[in-house]
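Trainee: Sequence and computational prediction follow.
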Amino acid sequence: MASLCSFTASSFSSQCDNVSLSHPLKPSLPLTNSFTLPRNMKKKKSGARTRPLFCAFKNAALQYRNIGDSDLNISEITLGTMTFGEQNTEKEAHDILHYAFDRGINALDTSEAVRYIGVSNETSYGVMEFVHAAKVGGLPKIVSIQNSYSLLVRCRFEVDLVEVCHPKNCNIGLLSYSPLGGGILTGKYIDINSEAAKRGRLNLFPGYMERYKNLASREATIKYLELAKNHGLTPVQLALGFARDHPFMTSTIIGATSVDQLKEDIDAFTSTERPLPAEVMTDIETVFKRYKDPAIF
């Protein structure tokens, strides 16, 4: 079921200048010593130089994109917060937030003040209807779509949403969730009796993301784990590198129950060869042809 959603990016301004483009990648941004939180941020006139919402620290190698045709310039990683209050203590949540900001993440998937609107789990028809309604009614246009996208869930976006959301068409930014398939693609659930599996949310919350636990998803995951090993990659590097490298990806939403887990995810974005080698992508497509969207719901 599709729903409207709000999206918040940290509204920090600084002394760093950068050109605001619609979708192209931006390099990591230099360190600045002062940050201010403005009450309002106005759109710059066409051709003017704009300031990024966040200037990353020197050890961050994340890249940045604008969401759709908005002026929100966000990191290629968005921090999900679903585990906060359920699998994380308040202190652990604060530690995760501090680490994320220190590494250059400036976008949170949570409920805050609304600056722009987007949709979630939407279809191509739904996206076009929202865009049309905004146009004829003089209403704010949606700028983002939050849909699942991973090695195990691809077709719904790749088949037609990618065309609708393209910058030259409706210009809707994809904020993909579950790039690790709820943790399945890390391989920790292959041995259901392992400590990692027992602590995982798919076991803590019966019925949650059940689609990733079916036989086809398990078989596909094993193939991707073997593929990663053959190419000298960790399962996390393969899965997140795959999501990261697609030109239609604005930002990938990742959740973490510990700083160590978040560090592994961020490192997968920043240290894995960009883009993934052609031979890796070829092997991914070979597995995909055998297991097309085994976790589709």
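Mentor: Looks like it arrived, so ask away.

Trainee: what sits against the nearest residue in space to Ile77 that is not next to it in sequence?
Mentor: Spatially, and ignoring its direct neighbours in sequence, Ile77 is nearest to Ile105 (5.3 Å; CB to CB, 6 or more residues apart in numbering). All C-beta spots, glycine's among them, are computed from the backbone N, C-alpha and C. By CB atoms under 8 Å, 6 or more residues apart in numbering, the residues touching Ile105 are Leu62, Ser75, Ile77, Thr78, Leu79, Ile266.

Trainee: Mind putting these into JSON lines with secondary structure, pLDDT and distance to His231?
Mentor: What follows is those, written out as JSON lines (DSSP: H, G, I helix; E, B strand; the rest coil; pLDDT from 0 to 100; distance: CB to CB, whole Å):
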{"residue": "Leu62", "secondary structure": "coil", "pLDDT": "96", "distance to His231": "23"}
{"residue": "Ser75", "secondary structure": "strand", "pLDDT": "98", "distance to His231": "26"}
{"residue": "Ile77", "secondary structure": "strand", "pLDDT": "98", "distance to His231": "22"}
{"residue": "Thr78", "secondary structure": "strand", "pLDDT": "98", "distance to His231": "27"}
{"residue": "Leu79", "secondary structure": "strand", "pLDDT": "98", "distance to His231": "28"}
{"residue": "Ile266", "secondary structure": "helix", "pLDDT": "98", "distance to His231": "21"}
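
Trainee: will you turn the residues you listed into CSV that also has neighbour count and distance to Leu185?
Mentor: Below are those laid out as CSV (neighbours: other CB atoms under 10 Å; distance: CB to CB, whole Å):
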residue, neighbour count, distance to Leu185
Leu62, 23, 21
Ser75, 31, 21
Ile77, 28, 16
Thr78, 27, 18
Leu79, 26, 19
Ile266, 24, 17
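
Trainee: Can you tell me which of those is nearest Lys91?
Mentor: Leu79 (16.5 Å; CB to CB).

Trainee: which stretches of the stretch 51-200 of the chain aren't confidently modelled?
Mentor: 51-60, 197, 200 (pLDDT under 70).

Trainee: Would you map the helices across it?
Mentor: Along the stretch 51-200 of the chain, the segments classed as helices by DSSP state H, counting those that start in this stretch run 90-102, 124-137, 155-156, 162-164, 195-199.

Trainee: For the first one, output the C-alpha coordinates as CSV.
Mentor: By that I understand helix 90-102. Extracted C-alpha coordinates of helix 90-102, given in CSV (Å, rounded to 0.1, in the frame of the first residue of the first chain):
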residue,chain,number,x,y,z
GLU,A,90,19.1,5.4,24.1
LYS,A,91,22.9,5.6,24.6
GLU,A,92,23.5,3.2,21.6
ALA,A,93,21.2,5.3,19.5
HIS,A,94,23.1,8.5,20.4
ASP,A,95,26.4,6.7,19.7
ILE,A,96,25.1,5.6,16.2
LEU,A,97,23.9,9.1,15.4
HIS,A,98,27.2,10.7,16.4
TYR,A,99,29.2,8.3,14.3
ALA,A,100,26.9,8.7,11.3
PHE,A,101,27.2,12.5,11.4
ASP,A,102,31.0,12.4,11.9
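
Trainee: Next, the buried residues of it.
Mentor: Going by neighbour count (16 or more other CB atoms under 10 Å), the buried part of helix 90-102 is Glu92, Ala93, Ile96, Leu97, Tyr99, Ala100, Phe101.

Trainee: do the fourth one as well
Mentor: By neighbour count with 16+ other CB under 10 Å, helix 162-164 contains the buried residues Val162, Val164.

Trainee: any idea which residue sits dead centre in the protein?
Mentor: The residue lying closest to the centre of the chain (CA atoms, centre = their mean) is Thr252, at 0.9 Å.

Trainee: so what secondary structure elements neighbour the helix or strand harbouring that residue?
Mentor: Assigned by DSSP states H and E, Thr252 belongs to strand 249-254. Here strand 249-254 touches strand 64-66, strand 73-75, strand 77-80, strand 173-176, helix 235-244, helix 259-271, going by 3 or more CB pairs under 8 Å, 6 or more residues apart in numbering; DSSP states H and E.
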